[in-house]
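Q: got a structure for you, letters missing:
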């Protein structure tokens, strides 16, 4: 649980940094339409940043299937276990 | 072909006659057969007749892409020109288009009616009747005028420019694809462009003229992922893409396979050869083309068939040639004095021929058009050179226009609005590359900048792709040896 929480904090920091929103609260239901700067380019930056920070590779099939931040959090949790 | 009988819907009607049960559109998991789409077109056409609309230009402001398609076809069958208003564009920008175009009629879907209250044109809700109850007949034109559509491009004076493209301008393009490509009723095209972007004309109508299917992207989600998902899941066979998609997705090429792709076109930006080599492995059964064309020359005016070995030789600075002109077009490459330059030397590309429009709306910027004997030329502003194979090579711009996600953007237009909002004298916008995609960075001299607030202000005026990704305050602009602002130095500053 502690491990998961740490990743959640890390992910929130990455979201804030990539989308330049210091007060962004990472929620499972968060989607691209909710964040002004979340577009194709920042999405790629987001994935790169998560992969580099956590030392993981997110498979393309998983990237395609993300519907919201919750899917991303679950994927990261799975890949870092 | 008798151009008086041509409109954007004639090819669709012919396809309906042959393949009424083929899928015409696929949108939001819903199939629209040719029969179903035709009935919707006829409902809208009848609605225009009932209103006795005489206006030459009719606006479309709809979030529903299938409705937009039906409206485009109905307006064109009626004989008018369609003018797309992007619901995602700032109201102020749409208002400008409404006024500039003198739009008296805008068709919309009910959901968006409130957003349109502030626009000046008469807003008509698209009719809700879905089933056509009368006998099916292909309808005749009700008004006679020449223009097929009007699109707006970025303008250096701070105002967008209206480009009126006539039926006569656009018809040769469809004829070219009909004669040179083996598109057929089994093809599945993917249409990824906004209706305000002229490549949408190709991506929508080419399949509809062949009895093929046109797949439309959903509005929600991340666009480049939606594109890849559709290419894969729908086994798309024909697509036109903007090259920056390759840069964004290169990392996943090894995990992606699209064996059904037959024709993959690129347009809108410089196309890098080395990235294309990798992409070619993803689409092993497809031909790859690099197309080029300004809105003023009806979508595309040159094409280049990419082949690994020859393209490697011909590419300059890793950029694939834009190739040779389409039939019915001619060009000249000229220097600053309008003199033809010798083959191999760099000059401005000027185009003439049936596809080239004669002027902007209201004849603004007449300097962009000139005449030699009876030929009307358009100055593209693009610098090119011709190689030993007579292929045109794109070198760059002769002004400060850039390409962002395939869209033409005048940096001066953004600078104009930045200076106006901040009431300052010096604001400069430069283009940089990030992860292979072009981005904009703005620099403002001698002013405190609240980046978030400033971006919100710009969003009221400019399209989203024109908003600089970073806006930075700078004490003093760097100057070059001629005491002009050193844009190259600004490009090197990391945000």
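A: Great, that's in hand. What you see is a predicted model; the values in this text were computed from it and never measured.
Q: residue B:245 touches residue B:227, doesn't it?
A: Yes - with contact defined as C-beta atoms under 8 Å, residue B:245 reaches residue B:227; the gap is 6.4 Å. In this view, the C-beta of every residue, glycine as well, is placed from N, C-alpha and C.
Q: settle it for me: which of these two has more neighbours?
A: residue B:245 (24 against 21; other C-beta atoms under 10 Å in any protein chain shown).
Q: the helix or strand bottoming out on mean pLDDT in chain A near chain B anywhere?
A: Ranked by mean pLDDT, DSSP states H and E, the helix or strand of chain A with the weakest confidence is helix A:2-19, at a mean of 82. No - with C-beta under 8 Å from any C-beta of the partner chain as the criterion, chain B is not reached by helix A:2-19; the gap is at least 11.4 Å.
Q: near chain A, which residues of the stretch 301-450 of chain B?
A: Residues of the stretch 301-450 of chain B lying near chain A by C-beta under 8 Å from any C-beta: B:434, B:435, B:437, B:439.
Q: okay, and which of those residues map to strands?
A: B:434, B:437, B:439 (DSSP state E).
Q: nearest to chain A, of these?
A: Here the nearest of these to chain A, counting by C-beta to the nearest C-beta, is residue B:437; it sits at 5.2 Å.
Q: tell me how many other residues crowd the closest one.
A: Neighbour count of residue B:437, defined by other C-beta under 10 Å: 23.
Q: residue B:473 and chain A, how far apart?
A: Separation of residue B:473 from chain A (C-beta to the nearest C-beta, to the nearest Å): 16 Å.
Q: surely that residue and residue B:447 touch.
A: Yes - the pair residue B:473 / residue B:447 is scored as a contact, 6.1 Å apart, by C-beta under 8 Å.
Q: am I right that residue B:370 sits in a strand?
A: Yes - under DSSP: H, G, I helix; E, B strand; the rest coil, residue B:370 falls within a strand.
Q: what number of residues lie near it?
A: For residue B:370, the number of neighbouring residues by other C-beta under 10 Å comes to 15.
Q: same question for the one 5 residues further on.
A: By the measure other C-beta under 10 Å, the count of residues near residue B:375 is 13.
Q: who does it form a beta bridge with?
A: Judged by DSSP bridges, the bridge partners of residue B:375 are residue B:372.
Q: tell me the pLDDT at it?
A: At residue B:375, the model reports a pLDDT of 91.
Q: and what of the one 3 residues further on?
A: Listed pLDDT for residue B:378 reads 96.
Q: and residue B:110, by the same measure?
A: For residue B:110, the pLDDT comes out at 69.
Q: so residue B:42 sits right up against residue B:131, yeah?
A: No - taking contacts as C-beta under 8 Å, residue B:42 lies outside contact range of residue B:131: 10.3 Å.
Q: those two - which one has more neighbours?
A: Neighbour totals were compared for residue B:42 and residue B:131, and residue B:42 leads with 22 against 8 (other C-beta under 10 Å).
Q: so who does the more buried one touch?
A: For residue B:42, the contact set (C-beta atoms under 8 Å, 6 or more residues apart in numbering or on different chains) comprises B:74, B:132, B:134, B:136, B:139.
Q: immediately after the helix or strand containing the first one, which helix or strand?
A: Here residue B:74 is covered by helix B:65-78, with elements defined by DSSP states H and E. Heading C-terminal from helix B:65-78, the first helix or strand you meet, by DSSP H and E, is strand B:81-84.
Q: that next one - what's its average pLDDT?
A: 98.
Q: who touches the next helix or strand after it?
A: Note on strand B:81-84: by DSSP H and E, the next helix or strand toward the C-terminus is helix B:91-101. In this structure, residues lying in contact with helix B:91-101 by C-beta under 8 Å, 6+ apart are B:57, B:59, B:61, B:83, B:85-86, B:103, B:106, B:115, B:118-121, B:150, B:152, B:159-160, B:162, B:361-362, B:460-463.
Q: selection in PyMOL covering whichever of those residues are buried, please.
A: To isolate the buried ones among the contacts of helix B:91-101 in PyMOL, judged by 16 or more other C-beta atoms under 10 Å in any protein chain shown, type:
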select buried, chain B and resi 57+59+61+83+85+86+103+106+115+119+121+150+152+159+160+162+361+461+462+463
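Q: give me phi/psi at residue B:88?
A: Per-residue torsions, residue B:88: phi -90, psi -10 (degrees, to the nearest 10).
Q: tell me the contacts of residue A:33?
A: residue B:220 are the contacts of residue A:33 under C-beta under 8 Å, 6+ apart.
Q: residue B:350 too?
A: Residue B:350 makes contact with B:331, B:332, B:333, B:334, B:370, B:377, B:378, B:379, B:380, according to C-beta under 8 Å, 6+ apart.
Q: quick check: domain ranges of chain B?
A: Domain assignment for chain B by automatic domain parsing gives B:3-220, B:306-397, B:401-491.
Q: using CSV, lay out the ones you listed together with distance to residue B:282.
A: Output for the domains of chain B, formatted as CSV (distance: least, C-beta to C-beta, whole Å):
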stretch, distance to residue B:282
domain B:3-220, 15
domain B:306-397, 14
domain B:401-491, 16
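Q: deepest-packed of those, please.
A: Highest mean neighbour count of these: domain B:3-220, a mean of 19 (counted as mean count of other C-beta atoms under 10 Å in any protein chain shown).
Q: run the chain-centre distance for it.
A: Relative to its chain's centre, domain B:3-220 lies at 14 Å (C-alpha atoms, centre = their mean, to the nearest Å).
Q: got the end-to-end distance for it?
A: End-to-end span of domain B:3-220 (C-alpha to C-alpha, to the nearest Å): 39 Å.
Q: equivalent analysis for stretch B:415-434, please.
A: The first and last residues of stretch B:415-434 sit 21 Å apart, counting by C-alpha to C-alpha.
Q: give me the distance from it to the chain's centre.
A: Per C-alpha atoms, centre = their mean, the centroid offset for stretch B:415-434 relative to its chain is 24 Å.
Q: returning to that earlier point: between which two of the residues of the stretch 301-450 of chain B next to chain A is the distance greatest?
A: Spatially, the most separated pair among these is B:435 and B:439, at 9.0 Å (C-beta to C-beta).
Q: which neighbours do the two have in common?
A: residue A:41.
Q: next up, the contacts around the residue lying closest to residue B:368 once chain neighbours are set aside.
A: Distances taken as C-beta to C-beta, 6 or more residues apart in numbering or on different chains put residue B:379 closest to residue B:368, at 5.2 Å, once the chain neighbours are dropped. Counting by C-beta under 8 Å, 6+ apart, residue B:379 makes contact with B:348, B:350, B:367, B:368, B:369, B:370.
Q: please redo it, this time with the cut-off set to 10 Å
A: B:294, B:296, B:334, B:338, B:348-351, B:365, B:367-370, B:398 (C-beta atoms under 10 Å, 6 or more residues apart in numbering or on different chains).
Q: got it, and residue B:488?
A: Contact analysis of residue B:488 by C-beta under 10 Å, 6+ apart lists B:430, B:478, B:480.
Q: got the buried residues for stretch A:14-24?
A: In terms of neighbour count (16+ other C-beta under 10 Å), stretch A:14-24 has its buried residues at A:14, A:15, A:18, A:19, A:20, A:24.
Q: how far is it from where the chain is centred?
A: With C-alpha atoms, centre = their mean, you get 11 Å for stretch A:14-24.
Q: would you mind measuring the gap between the ends of that stretch?
A: Start-to-end, stretch A:14-24 (C-alpha to C-alpha) is 10 Å.
Q: which ones among the contacts of residue B:488 are found in strands?
A: Reading strands off those with DSSP E, I get residue B:430.
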